[in-house]
Each structure stands twice: as C-alpha cells, then as structure tokens.
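Asker: I'll drop the sequence and a predicted model, then ask my questions.
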There are 2 protein chains.
Amino acid sequence: MKHLQSRDNPQYKQLLRVAAGKERDQILLEGVHLCEEWLRHQGPPLRAVFDVERLAQSVPLQRLAQHIEPAMGLTLDAILYARLSQVAGQGQGVCFVVNRLSPNLPPFIDGNVLWLDRVQDPGNLGTLLRTAAAVGVRQVFVSEGSVSAWSPKVLRSAQGAHFALQVFEQVDLLALCQRLRVPLVATALEHGQMLYGVNLPKACAWLAGNEGQGVDPALLARADLRVFIPQSDAVESLNVGVATAVCLYEQLRQHHAY
Amino acid sequence: MKHLQSRDNPQYKQLLRVAAGKERDQILLEGVHLCEEWLRHQGPPLRAVFDVERLAQSVPLQRLAQHIEPAMGLTLDAILYARLSQVAGQGQGVCFVVNRLSPNLPPFIDGNVLWLDRVQDPGNLGTLLRTAAAVGVRQVFVSEGSVSAWSPKVLRSAQGAHFALQVFEQVDLLALCQRLRVPLVATALEHGQMLYGVNLPKACAWLAGNEGQGVDPALLARADLRVFIPQSDAVESLNVGVATAVCLYEQLRQHHAY
C-alpha cells in the first residue's frame, strides 16, 4: 500500500474533502464494523485508508487489509489519520471511501417497504434502516425534509444496513402513491385499528412520520389502513423507531416470515 | 412572579449551577412537554422559570404558567434565559427546577420490570424508559457503568417517562438477583429460544445490555430464560431499544395486557 505522510499531498486533501461531505457522490465510512459490512454487501471500496501505527498493532485491521487490493489501499501517518478521523467520527484506524448508493426509483412498489416522512433525528433514521434490514425489507423511501441518510451519525446508528438496502432519498411520497401496488399502512395515534386486532398484509408500504408531528395529514389521508399500538397513558407516544419496529415484527410474526 | 434581570443575581447563579449539573439532587427540565409531564405525574416543581418575552407571546407557556404558584415562578430577561437554556438544551422558553427522583431499592422484585446493563447511548436509554412506561413497566434498574439517566439527552429522548417510572441507578445487578421473585429473561443472540416460540411469563425482569458487548456474561448466566428475536442476516443485530421493545410488546400481546 502507498503511504502518505504529508498533509499537502493532493490525495490526502481529497480524503479530507470526502470526510467533510464536500464530494456529493463519495462517502467516508469509518470503523471496522462499517467497513466489514461494506465488503460483505458491496465488495471492494474505492479506497481503504489505514492509520499506519494502528494497522501494525491491530488484528482486526490486518484482517480487513487482507481483503484490500494493495493498489486500493493507503496508509497514513498517525497524525494525518487522526485529523481525517476527527472530521469523520470514530477513530478506529480504518476508513473506506465508497460510492454513495443512490438508486433510481422503481417503476412500481410491490414488496414490503418502508416510507419515512420527515424523520429528523439521525439516531432514529439509522435505527429504522437497521430494523428494516433485519426484518427483510429491501427498500426504504425517505421524504424531502428528512435528515440525510448518508450522514455519519445515521451511518453509525444503522450499522451497515444501508449496504443491504435500497435507500431512496428526497422522495415525494405523495407522488409515489401512484406507484403503489401494495396497501399503504400508517402508524397513527388516532382513528386507527389496534395492531393486535388486524390481519396485516403480507406486503405493504409502512408509513412512519416526523418525531413531533407524525405523518403529514395529506399523506395519512392516502393510507389504506391505519394502525395504533396499544400503550398506557404514562407517556404520550412511542419513539418512531420503536413504533415501526413493533409493527414490522408483528407483521413478521403473523406471516411466520422468519 | 418575581423577575430577574441581572446575571449577578444569586438566584440566577443558582439556576446556572443546576443547569450545569452541579447540584446533585436538582435537575433542570427544559421545554413545554417535559414540564407538562412533570406536572401531570409529579405535581408542582421547585421552581418554574420563564423567558419573559416568550411568556408574553406563547399560549402554551401561559397555559403552563397557570399551574404555577406565583411564589414558585420566575421570569428572566430574554438574554438571561438564553444563557441558561444554552446550557440546558432546548430553548422553548420554560424550564422547571425539580428534585431528581432517586428511590430506594425495593426489598424484592415481583412486577414486570426492566434491567439495563451498561447502556451507553443517551438516546437508547431514553427510548428504553419511554417504551417501558408505554407497556406499563413501573421499575427500571440501571447498572453501574451506564449513561446517567437524568442527563439532558436522556430526559429529552424519554419524553417524561422518568416521571411515571421508578428509575434506580448505579445498581449492582448481580447482587439484585437475590431480590428477584420473578424470572430473569435475557435477550441474547446466542443459545436462546425464538421469541415467537416461547410462552413468556406475565411478569419478569427483562435484561438488556450494552450496545456493543450485550449483557455481561456473569449476569447472562443467571437468566432463567434467553430469547432471541428472529432476523435476516442483512445486519448483525438489532438496536437495544428496538430489541427490548419487540420483546416487551410480544409479552403484552401474549397476555392481552392492553
């Protein structure tokens, strides 16, 4: 692998640009787990970047390095790596530069999918993606006005789920209704049927909304089914990631889809 | 209500101390929702503090103020409030000073309760408390080495669940096993029974663990039952708040406890 030790190196400067989110199509994945998950789902990265000192000491990093073509690998002086990592987040001594996945919208929607309307919190979005991947959902449609799905905090909280899913961003969910070939099912606090009293469709588009305001009323009006999750009145509502998980798992249970 | 306009006022300085977490027994709750939930579950606060300009304009703040004895209320110049709020978090123009609830450990545990072993992420802990309150759990036992349950981020993410629960902190969970009068049930990735193939106890102590390492093995060895949640291999595991919610809701469903 090539070794960089100058902060004026153009390749290093380019890495800093990616880390700072200044390259639209490229993403920096930091940490052993995210990099392993990328390899498992998507194959080789554009670049694999190691802290040269930690690579020398760390068995997990050396194991990762074995999967990298030497021409694709870079090692950095520890001080250069630290500066890169400060921007990106975790500091585990390895990061991958990868192409951001941005699939085209499918012509129609006939699988079991997730629609997210203006979810704001990175931890919530990451958790939603992770749960979706865990139950076998393959497509997640994220509306305009949501947190960016490829931001470092979302990537960290999704733990690699991005790489197993198709995540569509900046989607006009109202317009997307035209492509639906499965029912649209919303979780809602009001005017819904109780989750455990409903035969859930085997495939549907699950619709979950903003942490404070819930789903946009215009979109909610398009739902074929509204369900609510029973709860005590000790709290006003459930976290959106929890509510969605409870619904997705109830669907999995009803259809023995495990 | 008394109005403060000097940053040298001793009462104002005391508020800053509470906001900075320097008073062990007192907590600052920021925002309309948390303050409303405190009133609903716990009654009047020690102090209610308003941004004088926002109070004049905001109906929700005025509605809150109606529940406050004038002698317990304070209004602050906007600039003083902003400085207080910068420390505490949300900036909605109201905060309460309240006593941190720190109940004594019960002599034995015979209800449906939650045990949390070294949960690190504030958002996760808050979500776990919120879900626990939603399913009717009344007691949550948080181990040493966990994030502080009364930190501002946990309070925000729990949305007032703290005030409906008994939250025990710094608990030695291994020692607590002696007080158990219900089964200890752990979520675990290995050597468990599949959640949907088990008759869950009506009351038990649910044990969930650290985000990276799971439950401490010594504690896991004490579990009467281990369950795993089915999932695809697209991701390695579920978020701890999601996994626990799926279990708690499956228990609720099995016992029609809604």
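Answerer: Structure's in. What do you need?

Asker: alpha carbons only for contacts and neighbour counts from here, please
Answerer: Will do.

Asker: got the buried residues for the helix or strand containing A:Arg40?
Answerer: Per DSSP states H and E: A:Arg40 is located in helix A:32-42. By neighbour count on 16 or more other Cα atoms under 10 Å in any protein chain shown, the buried set for helix A:32-42 is A:32-39.

Asker: end to end, how far does stretch A:208-226 reach?
Answerer: One end of stretch A:208-226 sits 11 Å from the other (Cα to Cα, to the nearest Å).

Asker: close to chain B, is it?
Answerer: No. Figure legend: stretch A:208-226 not in contact with chain B (Cα under 8 Å from any Cα of the partner chain); closest approach 10.5 Å.

Asker: next one: that stretch to chain centre, how far?
Answerer: 21 Å (Cα atoms, centre = their mean, to the nearest Å).

Asker: which residues does the nearest residue in space to A:Ser157 that is not next to it in sequence contact?
Answerer: Using Cα to Cα, 6 or more residues apart in numbering or on different chains and skipping residues adjacent in sequence, the residue nearest A:Ser157 is A:Gly126, 4.6 Å away. If you count contacts by Cα atoms under 8 Å, 6 or more residues apart in numbering or on different chains, A:Gly126 has them with A:149, A:153-159.

Asker: Make JSON lines out of the residues you listed and add pLDDT, neighbour count and secondary structure.
Answerer: Below are the contacts of A:Gly126 laid out as JSON lines (pLDDT from 0 to 100; neighbours: other Cα atoms under 10 Å in any protein chain shown; DSSP: H, G, I helix; E, B strand; the rest coil):
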{"residue": "A:Ala149", "pLDDT": "96", "neighbour count": "20", "secondary structure": "coil"}
{"residue": "A:Lys153", "pLDDT": "92", "neighbour count": "19", "secondary structure": "helix"}
{"residue": "A:Val154", "pLDDT": "95", "neighbour count": "23", "secondary structure": "helix"}
{"residue": "A:Leu155", "pLDDT": "94", "neighbour count": "26", "secondary structure": "helix"}
{"residue": "A:Arg156", "pLDDT": "92", "neighbour count": "22", "secondary structure": "helix"}
{"residue": "A:Ser157", "pLDDT": "95", "neighbour count": "19", "secondary structure": "helix"}
{"residue": "A:Ala158", "pLDDT": "97", "neighbour count": "29", "secondary structure": "helix"}
{"residue": "A:Gln159", "pLDDT": "95", "neighbour count": "22", "secondary structure": "coil"}
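
Asker: List just the nearest of these to A:Tyr249.
Answerer: A:Tyr249 has its nearest neighbour among these in A:Ala158, at 17.6 Å by Cα to Cα.

Asker: what's the burial count for A:Ala20?
Answerer: For A:Ala20, the count of nearby residues is 14 (other Cα atoms under 10 Å in any protein chain shown).

Asker: Domain-wise, how is chain A divided?
Answerer: Chain A is divided into the following domains under automatic domain parsing: A:2-99, A:113-254.

Asker: Looking at the ones you listed, spot the one closest to B:Thr131.
Answerer: Per Cα to Cα, nearest to B:Thr131 of the domains of chain A: domain A:113-254, 6.4 Å.

Asker: Please identify the residues of chain A in proximity to chain B?
Answerer: A:123, A:127, A:130-131, A:133-136, A:159-161, A:164, A:196, A:230-235, A:237-239, A:241-242, A:245-246, A:249, A:253, A:258.

Asker: which stretches of the stretch 1-150 of chain A have low pLDDT?
Answerer: For the stretch 1-150 of chain A, the stretches flagged by pLDDT under 70 are A:87-90.

Asker: Contact partners for the closest residue to chain B within it?
Answerer: Closest contact between the stretch 1-150 of chain A and chain B, by Cα to the nearest Cα, is at A:Ala134 (4.9 Å). Residues near A:Ala134 by Cα under 8 Å, 6+ apart: B:231-235, B:237-238.

Asker: Mind doing that once more with 10 Å?
Answerer: Counting by Cα atoms under 10 Å, 6 or more residues apart in numbering or on different chains, A:Ala134 makes contact with A:128, A:161, A:164, A:245, A:248-249, B:229-238.

Asker: ends of stretch A:138-158, how far apart?
Answerer: Per Cα to Cα, the first residue of stretch A:138-158 is 14 Å away from its last.

Asker: Show the contacting residues for the residue nearest the centre of chain A.
Answerer: Among the residues of chain A, A:His162 comes closest to the average C-alpha position under Cα atoms, centre = their mean, at 4.1 Å. Applying Cα under 10 Å, 6+ apart to A:His162 gives the contacts A:34, A:37-38, A:41, A:100-101, A:126, A:129-130, A:132-133, A:138-140, A:149-150, A:154-155, B:234-235.

Asker: which ones among the contacts of A:Ala134 are found in helices?
Answerer: Of these, the ones assigned to helices by DSSP state H are A:128, A:245, A:248-249.

Asker: Let me know the closest of those residues to B:Pro10.
Answerer: Of the ones in helices among the contacts of A:Ala134, the one sitting nearest to B:Pro10 (Cα to Cα) turns out to be A:Leu128, at 46.2 Å.

Asker: Figure out the helix or strand that the residue nearest to the closest one when sequence neighbours are not counted lives in.
Answerer: Distances taken as Cα to Cα, 6+ apart place A:Gly241 nearest to A:Leu128, at 5.3 Å, with adjacent residues excluded. Using DSSP H and E, A:Gly241 sits in helix A:240-254.

Asker: export that helix as CSV, just CAs?
Answerer: Taking Å, rounded to 0.1, in the frame of the first residue of the first chain, the C-alpha atoms of helix A:240-254 are listed here in CSV:
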residue,chain,number,x,y,z
VAL,A,240,-40.8,6.4,15.9
GLY,A,241,-38.1,3.7,15.6
VAL,A,242,-39.8,1.6,18.3
ALA,A,243,-43.3,2.0,16.9
THR,A,244,-42.2,1.0,13.4
ALA,A,245,-40.2,-2.0,14.8
VAL,A,246,-43.2,-3.2,16.8
CYS,A,247,-45.4,-3.1,13.6
LEU,A,248,-42.8,-4.7,11.4
TYR,A,249,-42.2,-7.5,13.9
GLU,A,250,-45.9,-8.1,14.4
GLN,A,251,-46.2,-8.5,10.6
LEU,A,252,-43.3,-10.9,10.6
ARG,A,253,-44.9,-12.9,13.4
GLN,A,254,-48.4,-13.0,11.7
